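Trainee: From the sequence below, what's the structure:
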Amino acid sequence: MAMRIALTLVLVSSLVGCGDDSPAEDDVTDDVETDGGRDRDGGSGDGGTPASCGDLMCEGAETCSSCEADCGECPEPVITECNDGIDNDGDGLVDWQMDVGCWSEADATEAAGPRGDENGFTTFDLDADSQLVYVSNEGDDANDGLTPETAVATPQRGAELVRDGFPDFLLFRRGDSWRGMTLGDGRVARRFKSGRDAEHRLVVGSYGDSTERPRFEVDTHFFDDDGNGRSFLAFVGLAFVSYPKIPGDPDFDGASGGAIRVVGAESRDILLEDNYVEYGEFVLQNATDLEVRHNVVWRSYHVGTCAYNADGSPNLNGSSEFRPSGIFAGGVDGLVIEGNVWDENGYNPDVAEACATIYNHDLYLSGNDRLVVRDNLILRASSIGLKMAANSTGASQDILIENNLFAEGEIGLGMGGNDDSEYRFVDARVLHNVFTDIGRVPPTMRNLSWFLGLQDNDGTEVRGNLLVNQREDANGFGIHLASGSMRNVTLVDNVIEGIDRRAIWIEPEGSWDGIRVTGNRVVSATDTACLITHEGDFGAVTYADGAYASGAAADERFCVDGARMSFDDWVSASGETGASESPEASPDPGRNLDGYASHLGIGSTIGDFAAAARQQSRHAYRPELTAPNANNWIRAGYGVAPR
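Mentor: Next up, the predicted model:
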């Protein structure tokens with residue numbers, strides 16, 4: 001395929017120019033990786049020279065390109081296989097603009113590699129019989145679609161030209177947009193096709209000089225298997241905006257829209273990566289081996305969620321008629337949700353009658369097995385950041401919830417509710433997550449601040465989590481274990497600081513067995529907090545090696561069956577061994593996403609951070625805006641080691 005590609009010189013992420021990272025706080029180690037070279041001007045507020053340029057201090061939003069006087073000259077660009085104007089791998093595709101083996105212009109090689117070598121993204125190589133079909137706004141459906149110069153015009157025609165059962169590529173030109181178009185006109189056409197196997201997917205992706213995702217303004221799902229088995233697909237680098245939900249749009253109804261729907265029991269091996277979804281949601285049910293990676297999902301909502309009492313006052317629970325969330329996944333065997341941004345899902349504060357409710361969440365996951373939820377930003381949910389349900393014994397098994405950042409909403413992680421069957425969640429691990437400011441601004445206006453709650457668990461480990469910054473006077477807790485069934489559950493090495501009410505709350509019942517609470521650090525400066533609240537018999541619960549500090553009176557720091565008591569009385573009542581008072585003080589407590597936004601020079605609020613994180617894509621990737629890096633900065637304020 002003959003084509004001319006403009007040579008693009010870029011800075012590779014391994015080069016760190018002077019001034020690309022904000023300075024660390026004094027005497028506190030901050031393990032925050034930056035993008036190492038992107039120009040992130042913004043200190044002046046108008047995209048020009050930062051206001052502090054010329055003070056001989058390279059700080060805040062200053063970079064080598066925005067303020068050479070403070071930060072010095074930028075390093076020379078590095079030329080790689082993905083920006084050198086050469087077809088290095090001999091597939092007929094040149095550089096990041098065209099080669100599906102390049103994750104962006106910063107990729108070192110045109111050949112596809114493992115995700116660990118591709119900045120965490122999925123790349124592809126052509127197979128011997130792959131066919132590429134191009135779609136652009138300048139195309140014509142009378143064309144063959146086989147080159148960019150002979151592109152077709154509509155998604156439907158492009159979908160017709162790729163072949164079922166083949167490792168073909170349906171590529172939309174970046175920067176273009178389509179309104180009211182999906183992969184087909186009608187339910188049957190939107191079911192689309194399948195690839196060959198897990199190593200030879202049918203890929204729906206993008207091409208071209210722009211770094212902006214191709215935009216699809218939809219009033220229904222762009223792809224919907226409609227209960228029919230579809231397999232070996234990848235949807236990569238696309239933007240879906242539900243135009244009937246755009247405030248002010250002439251076709252606004254506040255109800256219609258979507259993104260991707262996979263509900264066929266025979267559907268399997270489908271990848272959703274690097275997509276942007278606004279006002280829509282992912283719906284995944286009954287399928288096998290699905291991956292949801294590096295997407296941004298913002299403000300999935302539906303009008304009609306407000307509810308009112310008989311006297312006309314707002315019912316804070318809201319209406320249960322419509323239940324939008326950023327993702328609903330139920331009955332999936334093998335589901336990976338990794339590295340995504342979930343923000344303000346379940347409501348829209350800018351749309352009347354699109355109220356936050358107790359039924360809507362950032363993520364709603366029900367009855368999934370082999371589930372991984374890792375490295376996600378889970379922000380400002382309508383109610384629960386991550387709602388996990390299971391409606392029968394053992395309905396959700398083999399669960400990993402790891403290194404996510406939960407902020408605001410009224411509940412962080414809820415694993416339970418909806419049913420009272422015993423031992424519904426089996427073999428779960430909740431590891432190294434950060435929870436901050438849960439309930440600070442509850443969208444439903446209920447007075448809740450619940451960080452992490454578990455019910456009906458069997459074989460669960462809750463380890464190394466950081467729970468901080470609870471607002472005062474809330475109906476709140478840090479970690480809560482309650483329900484009719486609980487066995488072999490361990491709470492170990494968690495750090496809980498700044499919780500105003502019940503930091504750890506255990507309510508054992510007669511069938512409980514093998515509960516261990518050990519090695520946790522619990523600190524509260526208020527005079528109202530119970531460091532541990534225990535209500536019930538101690539026989540099933542072992543406490544050990546806790547480190548405690550409290551601003552409450554010495555005889556009011558622990559609570560047992562409604563009575564407050566001292567540290568010594570707690571040890572006597574609980575039998576805790578190895579417990580201690582007055583652990584080493586945190587170096588910089590109070591860190592949260594407000595402070596992190598200031599640290600990065602992008603604002604001063606969680607909203608500023610979220611707005612920047614929603615700009616993430618493989619072509620505009622900033623690692624400092626990911627959960628792992630934000631978590632490490634917050635951890636450093638509490639003396640917790642980076643991950």
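
Trainee: Show me which positions of stretch 508-524 end up buried.
Mentor: For stretch 508-524, the neighbour count (16 or more other C-beta atoms under 10 Å) marks Pro508, Trp512, Ile515, Val517, Thr518, Gly519, Asn520, Arg521, Val522, Val523, Ser524 as buried. Placement of C-beta: from N, CA and C, glycine included.

Trainee: bridging residues for the third one?
Mentor: On the basis of DSSP bridges, Ile515 is bridged to Val489, Val541.

Trainee: which one in the buried residues of stretch 508-524 is the model shakiest on?
Mentor: Lowest in pLDDT among those is Ser524, which has 94.

Trainee: these two touch, right, that one and Asp500?
Mentor: Yes. Between Ser524 and Asp500 there is a contact at 7.1 Å, judged by C-beta atoms under 8 Å.

Trainee: And the strands in the stretch 151-300 of the chain?
Mentor: 169-173, 177-179, 202-207, 215-218, 223-224, 231-236, 239-242, 260-262, 268-273, 276-278, 282-285, 288-293, 296-298 (DSSP state E, counting those that start in this stretch).

Trainee: Could you list the paired strands of the second one along with their orientation?
Mentor: It stands for strand 177-179. strand 215-218 (parallel).

Trainee: Now the partner strand: average pLDDT?
Mentor: 98.

Trainee: how much distance is there from that strand to the middle of the chain?
Mentor: 22 Å (C-alpha atoms, centre = their mean, to the nearest Å).

Trainee: Give me the contacts around it.
Mentor: 155, 176-182, 222, 238-243, 257-259, 280 (C-beta atoms under 8 Å, 6 or more residues apart in numbering).

Trainee: Need the buried ones from these selected in PyMOL.
Mentor: Those of those that count as buried under 16+ other C-beta under 10 Å are selected in PyMOL with:
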select buried, resi 155+176+177+178+181+182+222+238+239+240+241+242+243+257+258+259+280
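
Trainee: Pull out the buried residues from the longest helix seen in the chain.
Mentor: In the chain, taking DSSP state H as the definition, the longest helix is helix 627-637. Neighbour-count burial for helix 627-637 flags Ala627, Pro628, Asn629, Ala630, Asn631, Asn632, Trp633, Ile634, Arg635, Ala636, Gly637 (criterion: 16+ other C-beta under 10 Å).

Trainee: quick one: which of the residues you listed is nearest Leu431?
Mentor: Asn631 (11.9 Å; C-beta to C-beta).

Trainee: pull the CA atoms of stretch 197-204 into CSV?
Mentor: This file holds the C-alpha atoms of stretch 197-204, laid out as CSV (Å, rounded to 0.1, in the frame of the first residue of the first chain):
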residue,chain,number,x,y,z
ASP,A,197,-9.9,-16.6,17.5
ALA,A,198,-8.4,-14.9,20.5
GLU,A,199,-5.1,-14.3,18.7
HIS,A,200,-6.8,-13.1,15.5
ARG,A,201,-9.5,-10.6,16.4
LEU,A,202,-11.8,-8.5,14.2
VAL,A,203,-10.6,-5.0,15.3
VAL,A,204,-12.7,-1.9,15.2
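
Trainee: Other residues contacting it?
Mentor: 100, 124, 127, 162, 166-170, 172, 183, 193-196, 223, 232-236, 238, 269, 271, 289.

Trainee: What are the buried residues along that stretch?
Mentor: Under 16+ other C-beta under 10 Å, the buried positions of stretch 197-204 are His200, Arg201, Leu202, Val203, Val204.

Trainee: Show me which of these is closest to Val571.
Mentor: The closest of the buried residues of stretch 197-204, once distances to Val571 are taken by C-beta to C-beta, is Arg201, at 58.2 Å.

Trainee: residue contacts, Thr626?
Mentor: Contacts of Thr626 by C-beta under 8 Å, 6+ apart are Gly339, Asp375, Leu377, Ala613, Gln616.

Trainee: Just those: which are in helices?
Mentor: Ala613.

Trainee: re earlier: just name the closest of the buried residues of helix 627-637 to Val541, please.
Mentor: Nearest member of these to Val541, counting by C-beta to C-beta, is Arg635, at 27.7 Å.

Trainee: what's the distance between the closest one and Cys82?
Mentor: Per C-beta to C-beta, to the nearest Å, Arg635 is found 34 Å from Cys82.

Trainee: now do Val523
Mentor: Taking C-beta to C-beta, one finds Val523 at 48 Å from Cys82.
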